[in-house]
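Asker: Could you look at this predicted model? Sequence included:
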Amino acid sequence: MNLLAIDTATEALSAALWLDGEIIERYSVVTREHAAKLPLLVPDLMAEAGLSLRQLDGLVCGIGPGSFAGVRIGVSYVKGLALGLNLPVVGVTSLAMLAQAALIENPAATALSAIDARMDEVYFGAYRLVDGLATAVQTDAVSPASAITVPPATAFVATGSGWGVHREALLTALPNAPQTIAAEAFPHAAAALTIAASQFAAGRGTDAALLVPAYLRNQVALTKIEQQALRDSRR
């Protein structure tokens, strides 16, 4: 089974191939250059693997949360490929990708994934390994860092940019300190492949038309007036 995964939801840009269990990945932190670099990245990765797009069996897309523009770039790109190639797709969240990478080295822990959501908030999720795959143990949410809730656990590992921006507030919400904090971690497409491969193997790939972003916020964007009102309400 050959799968291609794309993630553009955060400051990082990554593309990865699953070749019958072997993973090849290209990853870099590019901030705002995703739209320009993604169309060049994928052909380079395919050429490195000696594979054509017609040899793919499915596509995997990072669906956020993260930058609204970044999420849209990735979802639009994968949808276009999937429709043109008539391929099934699987969406994987940024928080699950972060947790998958963190839990490989800490399989008994609960991973607390946090991505800075601006406006003094974080995108937050709690995950544990189930059959080797990061599985949510509560619903992913966006909230002020000090208002997060965590499931009961004896050991935590923390991962994601939210821990760099909101470290102290997040720590006050925990019953005990994490064993490790990877505050500079971003999602990797390779982690998305690990999660999605089992779904494809079980025949759970879906039509590209059903692929939607996981913004977590009800509104994709707030006006400046709305942003100020939100900040004022928290004082």
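Answerer: Noted; the coordinates are in hand.
Asker: what's residue 25 sitting at in phi/psi?
Answerer: phi -130, psi 140 (degrees, to the nearest 10).
Asker: How about it: what's its closest non-neighbour residue?
Answerer: residue 16 (3.9 Å; C-beta to C-beta, 6 or more residues apart in numbering). C-beta coordinates here come from the backbone N, C-alpha and C atoms, glycine included.
Asker: Test my guess that that neighbour contacts residue 23.
Answerer: Yes - applying C-beta atoms under 8 Å, one finds residue 16 in contact with residue 23, separated by 5.8 Å.
Asker: Now for the two: what residues contact both?
Answerer: Residues touching both residue 16 and residue 23 (C-beta atoms under 8 Å, 6 or more residues apart in numbering): 190, 193.
Asker: The residue nearest to residue 25: what's it in contact with?
Answerer: If you count contacts by C-beta under 8 Å, 6+ apart, then residue 16 has 4-5, 23-27, 45, 188-190, 192-193 around it.
Asker: rerun at 10 Å
Answerer: Counting by C-beta atoms under 10 Å, 6 or more residues apart in numbering, residue 16 touches 3-7, 23-27, 45, 60, 188-194.
Asker: go on, residue 205?
Answerer: Counted by C-beta under 10 Å, 6+ apart, residue 205 has contacts 3, 57, 58, 59, 60, 82, 87, 88, 89, 90, 196, 199.
Asker: Just the residues you listed: which are in helices?
Answerer: Judged by DSSP state H, helices contain the following of those: 82, 196, 199.
Asker: quick one: which of those residues has the most company?
Answerer: In terms of neighbour count, residue 196 stands highest of the ones in helices among the contacts of residue 205 at 26 neighbours, by other C-beta atoms under 10 Å.
Asker: ok, that residue to residue 39 distance?
Answerer: From residue 196 across to residue 39, the span is 22 Å (C-beta to C-beta, to the nearest Å).
Asker: roughly how far apart are the closest residue to residue 66 other than its chain neighbours and residue 180?
Answerer: Nearest non-adjacent residue to residue 66, counting by C-beta to C-beta, 6+ apart: residue 9, 3.3 Å away. Per C-beta to C-beta, residue 9 is found 23 Å from residue 180.
Asker: what does residue 76 give?
Answerer: 35 Å.
Asker: Equivalent analysis for residue 51, please.
Answerer: Distance from residue 51 to residue 180, by C-beta to C-beta: 35 Å.
Asker: Same question for residue 21.
Answerer: 27 Å.
Asker: These two: which is more packed in?
Answerer: Using other C-beta under 10 Å as the criterion, residue 21 and residue 180 rank with residue 180 on top: 15 against 9.
Asker: Skip the chain neighbours and tell me the closest residue to the more buried one.
Answerer: Per C-beta to C-beta, 6+ apart, closest to residue 180 is residue 157, 5.0 Å.
Asker: who are the neighbours of the helix or strand harbouring the one you found, in terms of helices and strands?
Answerer: Per DSSP states H and E, residue 157 falls inside strand 156-159. For strand 156-159, the elements it packs on are helix 94-104, strand 110-116, strand 121-130, helix 167-172, strand 180-182, judged by 3 or more C-beta pairs under 10 Å, 6 or more residues apart in numbering; DSSP states H and E.
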